[in-house]
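Asks: how would this look folded up:
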Amino acid sequence: MENVVLIIHLILALSLIGIVLMQRSEGGGLGMGSGGGGGVGGVMSGRAAATALGKITWALAAAFICTSIALTVIAASNSSDSSVLDRLGGTAPTATEEQSDAPAGSDLLPPSSSDAPLVPSAN
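Replies: Numbers count the residues shown, from 1 in each chain. Here you go, the predicted structure:
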């Protein structure tokens, strides 16, 4: 079920991007591109804003939000109160177990001078 909702969510996201890119730029979002003429053509009424692409954008955005909420609810229901280690069947190793399981010489410190390989001299 989660995969189906996720695929629908991705299709909605791509469709929403395509619809937004197909819309005509009004140019008034940041105060740029206003014609400045002050005529009736510059005034946008409520009906002019509700074009077909605008309605499709709103519908896709609402569906996108619904699938986002659905994915959140599905993910929350799939999670449980147990930890990942409990689900794997193991328990968290203690500090002494971690040290005993580590192979010899696997520390991250550089080797001391006594552990360094002998390099023949160039004499």
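
Asks: For the longest helix along the chain, name the packing helices and strands.
Replies: Among the segments of the chain that qualify as a helix by DSSP state H, the longest is helix 52-78. In terms of contacts (3 or more CB pairs under 8 Å, 6 or more residues apart in numbering; DSSP states H and E), helix 52-78 is packed against helix 2-22. To be clear about C-beta, it is placed using only N, CA and C from the backbone, and glycine gets the same treatment.

Asks: Now do residue 60: how many residues are near it, please.
Replies: Residue 60: 20 surrounding residues under other CB atoms under 10 Å.

Asks: ok now do the residue lying closest to it once chain neighbours are set aside, which residues does it touch?
Replies: The shortest distance from residue 60 to any non-neighbouring residue, by CB to CB, 6 or more residues apart in numbering, is to residue 16 (4.5 Å). Residues near residue 16 by CB atoms under 8 Å, 6 or more residues apart in numbering: 57, 60, 61, 64.

Asks: Quick check: the gap between the closest residue to the last one other than its chain neighbours and residue 19.
Replies: Distances taken as CB to CB, 6+ apart place residue 12 nearest to residue 64, at 4.6 Å, with adjacent residues excluded. As judged by CB to CB, to the nearest Å, residue 12 and residue 19 stand 10 Å apart.
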